[in-house]
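> Below is the sequence, then the predicted model.
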Amino acid sequence: MKIFLRVSIVFFVLLIIGIIPLYSQSYQLVRADTLITSPIFDGNIENEFKATAELKNISSTTKTTKVRITPIYMTPGHKYAYCAPGQCYPETDTTSESQPWEMETNTTTGNYFTLDFYVYGHPGISCLTIKFFDANNPNDKIEYGTCCNALPSSVEDGDGLATVTVMSYPNPATNFVNLKYNFPFASSNIKCNIYNYAGSFISYLPVAGQAGNLNINTSELINGSYYYVFVKGNQKIIDGNFTVLH
């Protein structure tokens, strides 16, 4: 069996799924990376992954702006660091708030906001909340979530790839989502973990056999995007997402 380690940073941008508008009173989130995957080097996971976001001042006045980064969950051994306009900040696994910077009207941060995850070879998932806000009015804010997914994937030669088909009726889902799975190389000790748009764990479902269907009751879930991960032990088999809209 060949084992491949795949690491990705998954950005669940709250602003683009209808939970929080794309605009706040004074700001617009112009862009934010939603998925970054890493190349594989000699079967080892890379230690550092970089992403960017761009914020724009859409108000008629200069804004004194700050960013606060709050861990939702950090796998032991994972850290993050970031640069905001004017200053970079050291690696940490706790909450960090930047010094303020001045944003003139109709200007953006350009490429000056960058975020780095450092996983140092440790498999696991780490999630952060990124909040840009007016230092003089903290309620004037834009917020999104970002996750670093550093779980191994396994594929066995000659037996094909794992597949999951997401079926819901209606689509997006209201009452249920059905995950039809096929894992040619894995038959036991499998479960499906469900996370919300911010990377918070919701629940898990046990998986029986190499192929079958999982029915997820979505009637009590709030509107938004959700993320599923099929794992065997601590190895990721496959992941994906679905949307709930009541």
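Nice, I can see it.

> for this protein, which spans come out with low pLDDT?
1-22, 33-46, 123-124, 149-171, 185-187, 197-199, 234 (pLDDT under 70).

> can you list the domains in it?
2-150, 157-244 (automatic domain parsing).

> chain center to the biggest strand by length in the chain: distance?
The longest strand of the chain (DSSP state E) is strand 137-150. With C-alpha atoms, centre = their mean, to the nearest Å as the basis, strand 137-150 stands 11 Å off its chain's centre.

> Pull out the buried residues from that strand.
140-150 (16 or more other C-beta atoms under 10 Å). C-beta coordinates here come from the backbone N, C-alpha and C atoms, glycine included.

> Find out how far the host helix or strand of residue 81 is from the centre of the chain, if you would.
Using DSSP states H and E, residue 81 sits within strand 79-84. When C-alpha coordinates are averaged (C-alpha atoms, centre = their mean), strand 79-84 and its chain have centres 16 Å apart.

> Over to stretch 51-60?
Per C-alpha atoms, centre = their mean, the centroid offset for stretch 51-60 relative to its chain is 20 Å.

> Contacts for it next, please.
9, 11, 23, 25-33, 36, 63, 65, 103-111, 113-115, 130, 132, 142, 144, 146 (C-beta atoms under 8 Å, 6 or more residues apart in numbering).

> contact partners of the strand holding residue 81?
By C-beta under 8 Å, 6+ apart, strand 79-84 touches 67, 69, 71, 88-93, 96, 98-99, 101, 109, 112-118, 120, 126, 128, 148.
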